[in-house]
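Engineer: Dropping a prediction and its sequence here:
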Amino acid sequence: MEGEERNPAPRFQLTHCFCLTLRQGVIIIAALELTTFVSLITYNGVMLQKAGRFQYMIVVDDLLEIIIHFVVAMLLVVGVWRERRQLVWAWVYTRIVVLGTDIITLLVATAVILDWPYVVYGIILVPIYAVFIIVVRSYALHLKARDNKDPTDGATRISQDTDANPVTATQ
């Protein structure tokens, strides 16, 4: 047993996202996030115009947070589109941190403030985001396994792209 290396399979690794492929599931997750964050940016932009003197900083703070979430969602879109697992992992790590802070905020809202609408909101969204994280993480692990199986896959794809769009000296 000492000389034997153990490399167990990762836990909670999916092969499909419900009846879709992992890639399709991740694309749907990214589309949902982008749609949500664009609508929240628009809403907060309108609220910024209507905000009073004291509400202004709260709305600006929310707007900055939503823009950061939008940028992270764009990382996922580019990561899936270009099949760059580092960008997909960036989304996973960011969402794990956000989920952790949401859980802490949910516990505080439940224990101290008793903000019941926020508690219901958290109870609904925390499991949904946990499933999103598992699906995207599974896709990132799939990309890693694919890259480990065929290290020339990226070089082949690049050479095919350059053959399809050659650069000539006259351009």
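Structural biologist: Great, that's in hand. Numbers count the residues shown, from 1 in each chain.
Engineer: How about the residue nearest the centre of the chain, nearest residue that isn't a chain neighbour?
Structural biologist: Nearest to the mean C-alpha position of the chain, by Cα atoms, centre = their mean, lies residue 91 at 3.9 Å. Distances taken as Cβ to Cβ, 6 or more residues apart in numbering place residue 76 nearest to residue 91, at 4.2 Å, with adjacent residues excluded. Glycine gets a C-beta too; all of them are placed from N, C-alpha and C.
Engineer: Lowest average confidence across helices and strands of this structure, where is it?
Structural biologist: helix 153-164 (a mean of 44; mean pLDDT, DSSP states H and E).
Engineer: May I see the buried residues of the helix or strand harbouring the residue nearest to residue 91?
Structural biologist: Element membership of residue 76, judged by DSSP states H and E, is helix 56-82. For helix 56-82, a neighbour-count test (16 or more other Cβ atoms under 10 Å) marks 59, 62-63, 66, 69-70, 72-77, 79-80 as buried.
Engineer: if we can go back for a sec, residue contacts, the residue nearest to the centre of the chain?
Structural biologist: 72-73, 75-76, 79, 136 (Cβ atoms under 8 Å, 6 or more residues apart in numbering).
Engineer: mind redoing it with 10 Å?
Structural biologist: 26, 29-30, 33, 72-80, 132-133, 136-137, 139-140 (Cβ atoms under 10 Å, 6 or more residues apart in numbering).
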